[in-house]
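Engineer: Take a look and give me a structure for this.
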Amino acid sequence: MPRHTEEATTLSATTTFRDLGILPETAEALEAVGITTPFPIQEMTLPVALAGADVIGQAKTGTGKTLGFGLPLLEAVTVPADVEAGRATPEQLTDAPQALVVVPTRELCQQVTNDLLTAGKARNVRVLSIYGGRAYEPQVEALTKGVDVVVGTPGRLLDLAGQRKLRLTEIRCLVLDEADEMLDLGFLPDVEKIIERLPAKRQTMLFSATMPGQVIGLARRYMNQPTHIRATAPDDEGATVANTAQHVYRAHSMDKPEMVARILQAEGRGLVMVFCRTKRTAADVAEQLTRRGFAAAAVHGDLGQGAREQALRAFRNGKVDVLVCTDVAARGIDVDGVTHVINYQTPEDEKTYLHRIGRTGRAGAAGIAVTLVDWDDIPRWQLINKALGLAFPDPPETYSTSPHLFAEMRIPEGTRGTLPRAERTRAGLDAEEVEDLGGPQARRGGRRGGPAKPAAEEPKRAPRPKRQRRRTRAGEPLAGEAAPETAQAAPEKATAEGAKAPAEGANAGEGAAPRTPRRRRRRTRGGSAATGSSQAPETPQASAEPRE
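Structural biologist: Purely as a prediction, here's the structure:
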């Protein structure tokens, strides 16, 4: 059971990370990127976690949970800079990982890795991301050279640990991030197998936006008197973030592409994420928006890891400003400048809705969330609306031409569903190269994320010799017909013989009487009689056996 629960509802404007007791090098690295003031979850977590206690952190998505556990985790790692500063001895240094972060998705793995690298840059903390879809060899090579922090997904972590490529005996700090998502994806059994490989004496931190019963049970089994910290921002007691404006419309499925295309031309629109329930719909919507002139890219499970990372890099770099994705990307994507989230299809449940719209309105910024509900999805939406206490039980019927859509979304009058050519200024997805990640998917077609193999590299087959028909009589070839070739004959010989046969037939026919046309014979009981001929067959072998 949690030792005690702390709730933060206010945040002192004068508090800085230096005031919370983190290392000067870490504070310097954060200040270099403009991070000086902590969010509520960070301010409440750091004093407890820096003391070495187990922590359960609960806060809404987009409120800074990564640094809430990342800074204490970096403090628990010993690096050469600590020896030089006199904070540690050389005996405390090791090339085995000293901290482990387990995350549910590849996208979140990359995001957490980047944040930890930023915060640990001044101390040269070695952080390695381990997840599926990439080749094993670079990851194994990095582990061999030595790392301080490993961030990974459960499957690949278990795989490398089972091969004894990943040493977990030196882990001092374990973090389970987005534990409720790992529960939804069925990863909790793998997480438990990983925990059982770790030293019993360690610090464990569990962070999540929601706390289902199974997650609480996991905390009870593997955590030592954790402190449960639940942080909320001032005047934000609801389930959703207060600075995200939510709009819900009842829309027809055939009109949705036109509606989205017009919303994408709203005033003040920045980066946009469009969420779909199925992979096929995500691919189709991205293709339709591209045909309408928008710089769009898709992220879904049918894409290889290279293609997924290509789309995310293009989105972060501004080459693409519309990212169409399934819920696999709802966790872990933290991109500055996302002003709109559009739920093209109604999410499965309220948790999915929260994590979708949590991609905008992050870190205090304003955002807009638009949900398009099909007529068939009204009951599903009403359950989500009731669970979250929203004010949209009966969404208004809306079309791409509805005046209230233009007014609420701030769409200029006369806007059509095609982006004018003068406004097509983004470089597009093709401007971002696909990284060669190695592994089996790199050799597959471009749809799976790897470069397609050129057709010229395929070996050419030898031409098959043309089959020639032969006419025979009683098993013997007729005059002028070539003798049959054996199956072992070379194609060149068959070709030569085929060219030679007509010539021999022509020579045989010179000066000879014309061949008598073949006549049909009618059989009779007890013998045979020729029809149209006065002579019987010349040889006994040519006659048929009499019927019994």
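
Engineer: can you list the domain ranges for this structure.
Structural biologist: Residue ranges for the domains of the chain, per automatic domain parsing: 5-231, 244-452.

Engineer: Can I get these in CSV including mean neighbour count and mean pLDDT?
Structural biologist: C-beta here means a position set from N, CA and C on the backbone, and glycine is covered the same way. Converted to CSV, the domains of the chain look like this (neighbours: other CB atoms under 10 Å; pLDDT from 0 to 100):
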stretch, mean neighbour count, mean pLDDT
domain 5-231, 19, 89
domain 244-452, 18, 88
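
Engineer: now the strands for the stretch 251-400 of the chain?
Structural biologist: Applying DSSP state E, counting those that start in this stretch to the stretch 251-400 of the chain gives strands spanning 271-275, 296-299, 322-325, 338-343, 367-373.

Engineer: so how far is the fourth one from its chain's centroid?
Structural biologist: On the basis of CA atoms, centre = their mean, to the nearest Å, strand 338-343 is displaced by 19 Å from the centre of the chain it belongs to.

Engineer: Tell me the strands beside that strand, with direction?
Structural biologist: Here strand 338-343 has these sheet partners by DSSP bridges: strand 271-275 (parallel), strand 367-373 (parallel).

Engineer: which outside residues touch that strand?
Structural biologist: Residues from elsewhere that reach strand 338-343 (CB atoms under 8 Å, 6 or more residues apart in numbering): 260, 263-264, 266, 268-275, 353, 356-357, 359-360, 362, 366-372.

Engineer: And for the last one?
Structural biologist: Outside of strand 367-373, the residues within contact range by CB under 8 Å, 6+ apart are 241, 243-251, 256, 259-260, 263, 338-346, 353, 356-357, 360-361, 381, 395, 409.

Engineer: Repeat that for the first one.
Structural biologist: Residues outside strand 271-275 that contact it (CB under 8 Å, 6+ apart) are 260, 264, 285, 289, 315, 318, 321-327, 329-330, 333, 335, 337-345, 347, 356, 359-360.

Engineer: how long is stretch 344-362 end to end?
Structural biologist: Stretch 344-362 has its terminal residues 21 Å apart, counting by CA to CA, to the nearest Å.

Engineer: Also stretch 324-344?
Structural biologist: Counting by CA to CA, the terminal residues of stretch 324-344 are separated by 9 Å.

Engineer: if we can go back for a sec, for residue 231, find the nearest of the strands of the stretch 251-400 of the chain.
Structural biologist: Counting by CB to CB, residue 231 lies closest to strand 367-373 out of these; the figure is 19.6 Å.

Engineer: Just the C-alpha atoms of that closest one, please, in PDB.
Structural biologist: Taking Å, rounded to 0.1, in the frame of the first residue of the first chain, the C-alpha atoms of strand 367-373 are listed here in PDB:
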ATOM      1  CA  GLY A 367      -5.000  23.500 -28.100                       C
ATOM      2  CA  ILE A 368      -8.200  22.500 -30.000                       C
ATOM      3  CA  ALA A 369      -9.700  19.000 -30.100                       C
ATOM      4  CA  VAL A 370     -12.300  18.100 -32.700                       C
ATOM      5  CA  THR A 371     -14.200  14.800 -32.600                       C
ATOM      6  CA  LEU A 372     -16.300  13.700 -35.600                       C
ATOM      7  CA  VAL A 373     -18.900  11.100 -34.500                       C
END
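
Engineer: quick one on the thing from earlier: could you export the strands paired with strand 338-343 to CSV, including columns for distance to residue 75?
Structural biologist: As requested, the strands paired with strand 338-343 are arranged in CSV below (distance: least, CB to CB, whole Å):
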stretch, distance to residue 75
strand 271-275, 33
strand 367-373, 32
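
Engineer: And the ones you listed: which comes nearest residue 178?
Structural biologist: Distances from residue 178 to each of the strands paired with strand 338-343 were compared using CB to CB; the shortest belongs to strand 271-275, at 17.0 Å.

Engineer: Now do the helices in the stretch 251-400 of the chain.
Structural biologist: Ranges of helices within the stretch 251-400 of the chain are 256-263, 279-291, 305-316, 350-357, 378-388, based on DSSP state H, counting those that start in this stretch.

Engineer: Please identify which of those helices is closest to residue 90.
Structural biologist: Closest approach to residue 90 among the helices of the stretch 251-400 of the chain (CB to CB): helix 305-316, 38.1 Å.

Engineer: Does anything pack onto that closest one? Which helices or strands?
Structural biologist: Other elements packing on helix 305-316 under the criterion 3 or more CB pairs under 8 Å, 6 or more residues apart in numbering; DSSP states H and E are helix 106-119, strand 296-299, strand 322-325.

Engineer: Residue 67: helix or strand, and which one exactly?
Structural biologist: Following DSSP states H and E, one finds residue 67 within helix 65-75.

Engineer: Give me the angle between that helix and helix 106-119.
Structural biologist: Using axes from the mean of the first three to the mean of the last three CA atoms, to 10 degrees, the inter-axis angle of helix 65-75 relative to helix 106-119 is 50 degrees.

Engineer: then helix 65-75 to CSV, C-alphas only?
Structural biologist: Output of helix 65-75 as CSV, limited to C-alpha atoms (Å, rounded to 0.1, in the frame of the first residue of the first chain):
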residue,chain,number,x,y,z
LYS,A,65,5.9,13.2,-16.1
THR,A,66,9.0,12.4,-18.1
LEU,A,67,11.3,14.8,-16.2
GLY,A,68,9.4,13.9,-13.0
PHE,A,69,11.0,10.5,-13.1
GLY,A,70,13.9,11.3,-15.5
LEU,A,71,15.8,13.7,-13.2
PRO,A,72,15.9,11.4,-10.2
LEU,A,73,16.8,8.5,-12.4
LEU,A,74,19.8,10.5,-13.9
GLU,A,75,20.9,11.4,-10.3
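
Engineer: centre of the chain versus that helix, how much separation?
Structural biologist: Mean C-alpha position of helix 65-75 versus that of the full chain (CA atoms, centre = their mean) differs by 26 Å.

Engineer: try stretch 58-73
Structural biologist: So, by CA atoms, centre = their mean, the centroid of stretch 58-73 is 24 Å from its chain's centroid.

Engineer: Surely residue 433 is in contact with residue 310?
Structural biologist: Yes. With contacts defined as CB atoms under 8 Å, residue 433 counts as touching residue 310 at a distance of 7.2 Å.

Engineer: Would you tell me what helix or strand the nearest residue to residue 305 once chain neighbours are set aside is located in?
Structural biologist: Here the nearest residue to residue 305 in space, its sequence neighbours aside, is residue 133; by CB to CB, 6 or more residues apart in numbering that works out to 2.8 Å. Secondary structure here is read from DSSP H and E; on that basis residue 133 sits in neither a helix nor a strand.
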